[in-house]
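J.: Fold the following.
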Amino acid sequence: MALETIICVIAVCDLCGRRNTDSEYGAHYPTRDDAFADLTTAYGSDPAWALTADGRLICDRRDQRHHEQRIPVHGWHPTSGAMTVTFAPDTPPHPAHP
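T.: So this is what the prediction gives:
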C-alpha cells in the first residue's frame, strides 16, 4: 500500500472559520483560482461564497451575519424568511389601513 502526499486548496470562512470541506461533499481544489471560481459561483438557489473587496472570504451560511457581509458582493437577495409578515388572528386593523 503506497501513500502519496498531495497539496490542495480548501476555503475557510473569515467570519466563522467554517471550511468548505466540513460537509461530506466538500471540494478540494488544485489552485486558489479554481477555488475562487467554483465557490463564488451560485448553483441553483444556494448562495455562493463571497470574496469581499477587502479580501475576506465569506461562506454560504444562511444566517443574518453572513448574509449582510455578502450583500456588497452579490447584492441583496431575500433569504427564506425575508419579508414574511404574520398577524395574529386578534390583531386590530391599523388606522391607516382599515
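
J.: Skipping adjacent residues, who's closest to Cys13 in space?
T.: Cys59 (3.6 Å; C-beta to C-beta, 6 or more residues apart in numbering). Where you see a C-beta, it was placed from the backbone N, CA and C, and this is true even at glycine.

J.: neighbours around the one you found, how many?
T.: Neighbourhood size, Cys59 [other C-beta atoms under 10 Å]: 24.

J.: how close does Ile58 sit to Thr41?
T.: From Ile58 over to Thr41 the distance is 14 Å, taken as C-beta to C-beta, to the nearest Å.

J.: out of those two, which sits in the busier spot?
T.: Neighbour count, other C-beta under 10 Å: between Ile58 and Thr41, Ile58 has more, with 25 against 9.

J.: Would you agree the more buried one is in contact with Gln69?
T.: Yes. Counting by C-beta atoms under 8 Å, Ile58 touches Gln69, with 4.6 Å between them.

J.: what's the overlap in contacts for those two?
T.: Residues touching both Ile58 and Gln69 (C-beta atoms under 8 Å, 6 or more residues apart in numbering): Leu15, Ala50, Thr52.
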